[in-house]
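1. sharing a sequence plus its predicted fold:
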Amino acid sequence: MTINTVVIDKEKNSSEVLSAKLKNITDINFLGYFEDFSSLNINFEQIDLIVFDIKNTDKNETLEKIREIQSKNNKILFVATSYDINSELITLTLNSGVKDFLLKPVIDSVLEASIKKIKDIKNNVNQTLSNVICIFSNKGGCGKTSLAVNLAYEFSKIEDQKKVCLLDLNFNSPDASTFLNLEPRYDIEYIISKFETSDEKLVLSLLNNYKNSNLYICSLNNSISISSKLTVQNVSKIINYLKNSFRWIIIDTSSIINEANASVLYQSDLILYTGITNMVSVRNSQKCFEMFDNMGFSNEKIKFIINRYTEKSEIKPEDIEKATGKKVFEKIPNNYLTLIDAINIGQPVGEVNPQSNIANAYKKIAKELMDIDYVNLSGANKDFNHGIYNLLKRMGE
């Protein structure tokens with residue numbers, strides 16, 4: 001499929017460099033470059049893609065021009081480029097329907113990946129068969145790891161023909177393997193070096209496999225400082241490599257907000273935020289949802305899970321919803337004895353006591369998550385992930 005493309009950029013040198021890069025990409029029919037939208041003299045019906053420069057100083061005017069063009073031909077797709085690293089600019093641009101945000105100078109591989117995604121959108125093809133779900137809380141002790149481990153297990157039982165990966169990026173306390181009585185074998189740098197040059201069979205051999213099932217665990221050896229190794233670049237590499245082999249990737253994270261964790265949140269298609277029924281947790285949830293808003297995440301991308309729930313709690317789910325402004329997606333009952341037995345044995349709850357209320361809760365959540373339309377999920381990063389990955393990578397350098 002041919003993509004008729006134009007470039008809009010006031011800087012002549014920048015336009016010429018980007019134009020040359022686009023001309024070298026297969027299926028791009030380059031129509032020309034222009035200084036601004038007002039000088040664009042090509043019939044909109046002939047254009048498939050506009051790659052444009054945006055600056056913080058002229059963002060409102062630029063985005064208004066995009067809205068005008070979209071009203072005339074809503075089939076035109078837009079990719080933004082900029083030297084500015086400004087979260088407000090990025091969020092505003094992407095929320096205006098722009099499909100990607102590429103940091104200048106644009107790297108060849110990133111531009112090619114972005115164009116591939118544009119082709120997939122034009123062909124109505126899902127960019128990736130892999131869905132990434134992040135388990136997160138901005139306070140420790142809310143049961144993130146138990147949720148991640150048991151959800152990954154339930155996904156593997158439902159999707160018996162598709163591989164599931166439990167990715168442990170909790171650099172403060174990487175315990176996912178312990179929950180399944182497994183021992184991490186490799187350092188992060190070793191895993192990445194092998195991912196870069198390996199086929200799927202070798203990738204799978206680097207991970208722990210749970211009881212010869214289709215559940216694999218990517219957990220990092222804790223013999224050295226993991227936090228110093230979990231850079232934005234390494235996090236992005238790990239997630240992207242795993243996407244080539246797994247249908248579902250469930251990520252356990254730490255509760256600290258840093259660049260590496262932010263990159264995990266941006267690259268995830270869905271975030272399961274976990275909280276419990278006490279005032280400290282409610283207040284932390286309020287702050288976290290405000291942070292998600294500032295990061296540009298939509299309501300659809302965030303699912304609120306209440307963990308260790310009991311009917312006797314003085315704080316009810318409706319009270320939490322009113323305080324946080326966020327609807328509770330599901331509740332996990334407080335069944336401490338069953339959960340601690342499972343942890344001590346090193347097995348998922350679904351194996352230790354499959355008829356328990358907590359096992360049924362994990363099963364229900366897994367089924368509900370599988371019913372979500374991830375392709376059209378508002379706020380998921382499939383529509384602009386390549387540029388965001390590059391942006392986060394550059395910010396981490």
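-> Good, I have the coordinates. Numbers count the residues shown, from 1 in each chain.
2. now the phi/psi pair for Ser205, please.
-> In terms of degrees, to the nearest 10, the main-chain angles of Ser205 are phi -70, psi -20.
3. burial measure for it, as a count.
-> 10 (other Cβ atoms under 10 Å). Backbone N, C-alpha and C define where each C-beta goes, glycine included.
4. look up how far Tyr190 lies from it.
-> 13 Å (Cβ to Cβ, to the nearest Å).
5. kindly report the same for Gln286.
-> Taken as Cβ to Cβ, the span from Gln286 to Tyr190 is 41 Å.
6. who has more neighbours out of the two?
-> Legend: neighbour count by other Cβ under 10 Å for Gln286 and Tyr190, higher for Gln286 (16 against 13).
7. isn't that one right next to Ala323, touching?
-> Yes. The pair Gln286 / Ala323 is scored as a contact, 6.5 Å apart, by Cβ atoms under 8 Å.
8. residue contacts, Leu31?
-> Residues near Leu31 by Cβ atoms under 8 Å, 6 or more residues apart in numbering: Asn4, Thr5, Val6, Ile42, Gln46, Ile47.
9. list the buried ones in the helix or strand that contains Glu321?
-> Assigned by DSSP states H and E, Glu321 belongs to helix 317-324. Across helix 317-324, burial judged by 16 or more other Cβ atoms under 10 Å covers Pro317, Ile320, Thr324.
10. please name the nearest non-neighbouring residue to the second one.
-> Pointing back at Ile320 there. Val282 (5.7 Å; Cβ to Cβ, 6 or more residues apart in numbering).
11. I'd guess that neighbour is in a strand, am I close?
-> No. Val282 is assigned helix when assessed by DSSP: H, G, I helix; E, B strand; the rest coil, not a strand.
12. tally of neighbours for it?
-> Val282: 17 neighbours (other Cβ under 10 Å).
13. let me see the contact set for it.
-> Gly275, Ile315, Ile320, Ala323, Thr324.
14. pick out the lowest-pLDDT one from those.
-> Ranked by pLDDT, the contacts of Val282 bottom out at Ile315 (91).
15. so it, which of the three states?
-> Here Ile315 takes the coil state, with states given by three-state DSSP.
16. roughly how far apart are it and Arg283?
-> 12 Å.
17. the more surrounded of the two?
-> Remark: of Ile315 and Arg283, Ile315 carries more neighbours, 16 against 13, as counted by other Cβ under 10 Å.
18. give me the nearest residue to the more buried one, chain neighbours excluded.
-> In space, and not counting its chain neighbours, Ile315 is closest to Thr277: 4.5 Å by Cβ to Cβ, 6+ apart.
19. surely that neighbour touches Lys312?
-> No. Using Cβ under 8 Å, Thr277 is not in contact with Lys312, being 9.9 Å away.
20. excluding chain neighbours, what is closest to Ile238?
-> Ile238 sits nearest to Ile192 (Cβ to Cβ, 6+ apart), 6.6 Å away.
21. what does Met370 give?
-> Spatial nearest neighbour of Met370, excluding adjacent residues (Cβ to Cβ, 6+ apart): Ile158 at 6.4 Å.
22. how far does stretch 72-91 sit from its chain's centre?
-> Centroid displacement of stretch 72-91 relative to its chain, using Cα atoms, centre = their mean, to the nearest Å, is 19 Å.
23. any idea of the mean pLDDT in that stretch?
-> Here stretch 72-91 scores 84 as its mean pLDDT.
24. which residues touch that stretch?
-> Residues from elsewhere that reach stretch 72-91, judged by Cβ under 8 Å, 6+ apart: 9, 18, 44-45, 47-56, 59, 66, 69-70, 93, 97-104, 106, 114, 118, 121-122, 294-296, 387-388, 391, 394-395.
25. picking up where we left off before, helices and strands around the helix holding Glu321, which ones?
-> Under the contact definition 3 or more Cβ pairs under 8 Å, 6 or more residues apart in numbering; DSSP states H and E, helix 317-324 sits against helix 279-294, strand 302-309, strand 328-333.
26. what's the average pLDDT for the shortest one?
-> This points to strand 328-333. Mean per-residue pLDDT for strand 328-333: 96.
27. who does that strand pair up with?
-> strand 302-309 (parallel) (DSSP bridges).
28. the partner strand vs helix 317-324, what angle?
-> Counting by axes from the mean of the first three to the mean of the last three Cα atoms, to 10 degrees, strand 302-309 lies at 140 degrees to helix 317-324.
29. residues contacting the residue nearest to Lys162 when sequence neighbours are not counted?
-> Among residues not flanking Lys162 along the chain, Arg247 sits closest, at 3.8 Å (Cβ to Cβ, 6+ apart). Residues near Arg247 by Cβ under 8 Å, 6+ apart: Leu129, Ser130, Asn131, Glu159, Lys162, Lys163, Val164.
30. what does Phe37 give?
-> Ile8, Phe52, Thr62, Lys65, Ile69.
31. next step: these restricted to helices.
-> Among those, DSSP state H puts Thr62, Lys65, Ile69 in helices.
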